[in-house]
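*Asks:* Pasting a predicted model and its sequence here:
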Amino acid sequence: MAMDLSISRFWRKKVSLYRLYGSRCKACGKVHYPPKKACPYCGSRDLELIELPKKGKLLSYTTIYAVPEGARLKSPIYFGLIDLGVTKVVAELTDVVDKNSLKEGIEVEAVLRKTQEDRDSGLIYYLLKFRPAMVHR
Amino acid sequence: MVVYIEGVGLTKVGRHYGLSIKDLAAQVAFNAIEQVGEPEGIDYLIFSSALAPLQDNQLDIAGYVSSYIGLRGIRALNVEAGEASGLAAISIAKSLLESHQADKVLVIGAEKLTEYVSSKAYKQLQMLYDSDLRSFYNIGFAADAALLMRLYMNTYDVDRETLSYWPALMHSNAKENPYAMLRFAIKPDRVSKSQILADPITLLDAYPIGDGAAAVIVSSKDVVKAPLAKVTAIESSTGLGEIELLDDPLIFDSLLNAYRKLSSIADVSQIDFMEIHDSFTIVAPIILESIGLAERGKAPELIAEGHFSSNGDKPLINPSGGLKARGHPIGATGVYQVAESALQISGEFPGIKVDNARRGLVISLNGLGSNSYVALLEGV
Ligand SMILES: [Zn+2]
């Protein structure tokens, strides 16, 4: 599991986490993800939710061995900085068969994946991760 | 308004299994108080700790420490700004003096990072980065710096081995510093061969996980007796702080802004030395480039050529060994930086000495710059 997160926290984030919704600023035009209450660039509160592209290019990546408590079995964890064109996002990378397949510029695509199970309620949480597009796998 | 550093207390950064955060705090506070003579006249305690609630299960630690060290009745407050907490605490102390709310402030920075296994610390330290998205992933404490390091190497075509000169330089400086955690020299080529934490970041690219405490007494002009140094100006700025939000992640926007503000109120030329926030190898060149001390993409080469070292031209950078090798007890670090700088200026620093050190700059930030602080210290 990730950090100890509440059910309500996942619920609040479901639109941005499951559907990759970001915010576009109507004043300056810039897009950010996940949505804030004001544009981090110009401060305007005139924002609209937009669905972000599900495909992008990998700008940077890392293979994490120093994983936090509770995630030992999932080590290593791949994490990347992805350019979606309208904005950049960071996300866990999944379906990485060989870490040498991760390279700058490769195409990656969003997939819905399990991230955490709530032991008390039995609920399973999902969020979007990115995987290398077919040609790179 | 100029304020004065009168007394300092430092403890070696390390694994202090036998001492609690309050014990560490007491040790350095008593040392600092001894230098000013007596605790009478201290009218405020600013405590700086980020992880005390998690590592020590303690809230209002400033309140509890006050009576633990014999200062019951004093006004006290904990300051938390992640890794920038220590310099934020000194900034608050300066403001209290400026507004005549206090005349003599005891600032204690203390942090325990070794109460639990490292993987628990990795989880707690992940909180230094924006939790809105990152807390849904198991990425630990080095992921953002790792993305940044690879981006830097690719953008500027700088190779890994060139970057390794920074940790080697920090280890060489720390060897002389009795308060440093990693007091051994390393050759640059050892860095890339050490254990990988989050590639390309290895164990020798990252700050060590250690406990520590430092204290300073900050006094107004009216009450100061024997100052070590003066704090001429402190500025700070918030920033985007997230690699994905920055159009140009290879400059820390908050640091650039804080440094500009500082330059507008103080003369920042002819700096003899700096203590900068080199949490990871990659953070050092980006700081140097953000404040214009090196051209973009060129800092690693300058470092490898011996600039910023005790054999190079001024400013000398991190005579203490920096976060990399002195160590980085999160909330205490900024207080270490100021205490060491004050000693450097008074000529009493027990490690690498900077010749005629009159002017020092301290830089502290959280994460990749959600908050940045810069302070100018000078001789009195
Ligand atoms: Zn905007």
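*Replies:* Yes, it's here.

*Asks:* Show me where chain A has its strands.
*Replies:* Ranges of strands within chain A are A:21-25, A:31-32, A:47-51, A:55-64, A:77-83, A:88-93, A:107-117, A:124-132, based on DSSP state E.

*Asks:* Need the three-state assignment for B:A25.
*Replies:* When classified by DSSP: H, G, I helix; E, B strand; the rest coil, B:A25 comes out as helix.

*Asks:* Leaving aside the residues adjacent along the chain, what's closest to it?
*Replies:* Leaving aside its sequence neighbours, B:A25 sits nearest to B:A110 (CB to CB, 6 or more residues apart in numbering or on different chains; 4.3 Å). Any C-beta I mention is one placed from the backbone N, CA and C, and that applies to glycine too.

*Asks:* what pairs with that neighbour across the strands?
*Replies:* With DSSP bridges as the criterion, B:A110 is bridged to B:A213.

*Asks:* was I right about it contacting B:G334?
*Replies:* No - contact criterion CB atoms under 8 Å: B:A110 and B:G334 do not qualify, at 11.9 Å.

*Asks:* and of the strands of chain A, who's closest to B:A142?
*Replies:* strand A:55-64 (7.2 Å; CB to CB).

*Asks:* Which residues of chain A lie near the ion?
*Replies:* Within chain A, the residues that sit near the ion (CB under 5 Å from the ion) are A:C25, A:A27, A:C28, A:C39, A:Y41, A:C42, A:S44.

*Asks:* Next, the contact list for the second one, please.
*Replies:* To tie it back to what came earlier, the one meant is A:A27. Going by CB atoms under 8 Å, 6 or more residues apart in numbering or on different chains, A:A27 touches A:C39, A:C42, A:S44, A:D46.

*Asks:* same deal with the last one?
*Replies:* Contacts for A:S44 were tallied using CB under 8 Å, 6+ apart; they are A:C25, A:K26, A:A27, A:C28, A:A38.

*Asks:* Can you name every helix or strand that the strand or helix carrying B:S67 contacts?
*Replies:* Element membership of B:S67, judged by DSSP states H and E, is helix B:61-68. Secondary-structure packing of helix B:61-68 (3 or more CB pairs under 8 Å, 6 or more residues apart in numbering or on different chains; DSSP states H and E): helix B:21-36, strand B:44-48, strand B:75-79.

*Asks:* Distance of the residue nearest the centre of chain A relative to chain B?
*Replies:* Centrality entry for chain A: nearest residue to the mean C-alpha point is A:A91, 3.3 Å, by CA atoms, centre = their mean. Remark: distance between A:A91 and chain B (CB to the nearest CB, to the nearest Å) = 8 Å.

*Asks:* What separation do you get for that residue and the ion?
*Replies:* 23 Å (CB to the ion, to the nearest Å).

*Asks:* cool, B:K175 as well?
*Replies:* For B:K175, the distance to the ion - CB to the ion - is 49 Å.

*Asks:* Quick check: that residue vs B:D278, distance?
*Replies:* Separation of B:K175 from B:D278 (CB to CB, to the nearest Å): 16 Å.
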